[in-house]
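Visitor: Fold the following, please.
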Amino acid sequence: MLNMWKVRELVDKATNVVMNYSEIESKVREATNDDPWGPSGQLMGEIAKATFMYEQFPEVMNMLWTRMLKDNKKNWRRVYKVGLPHIVSGLVTPL
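Guide: Next up, the predicted model:
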């Protein structure tokens, strides 16, 4: 039987396909989801590296702003998590 997290994961994947989000936008959505735990270090690293890529930087920042500004008090965790990739991106040097 599917648990709540598996169902949410399937819904998120379907939303990413329907909304035609890019791979990096999907990763930002995953990093800023409503899960009670933070994103993995690997995911944070991928997002941070993407901020140094000319093509992906606008996608990352647009999704971060969308997640931050369009959320309400009920989804406070998303807004809290939005700051983490931006902070980490300043600490990672591009390869």
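
Visitor: Contacts only, for the residue sitting nearest the centre point of the chain.
Guide: Closest to where the C-alpha atoms of the chain average out (Cα atoms, centre = their mean) is V28, at 1.8 Å. Contact analysis of V28 by Cβ atoms under 8 Å, 6 or more residues apart in numbering lists 47, 59-60, 63-64, 67, 85. All C-beta atoms are positioned from the backbone trio N, CA, C, and that covers glycine.

Visitor: Tell me how many other residues surround E23.
Guide: A count of neighbours around E23, defined by other Cβ atoms under 10 Å, yields 11.

Visitor: That one and T66: what is the separation?
Guide: For E23, the distance to T66 equals 16 Å [Cβ to Cβ, to the nearest Å].

Visitor: for the helix or strand hosting W65, which positions count as buried?
Guide: Per DSSP states H and E: W65 is located in helix 57-69. Buried residues in helix 57-69, counted by 16 or more other Cβ atoms under 10 Å: 59-61, 63-64, 67-68.
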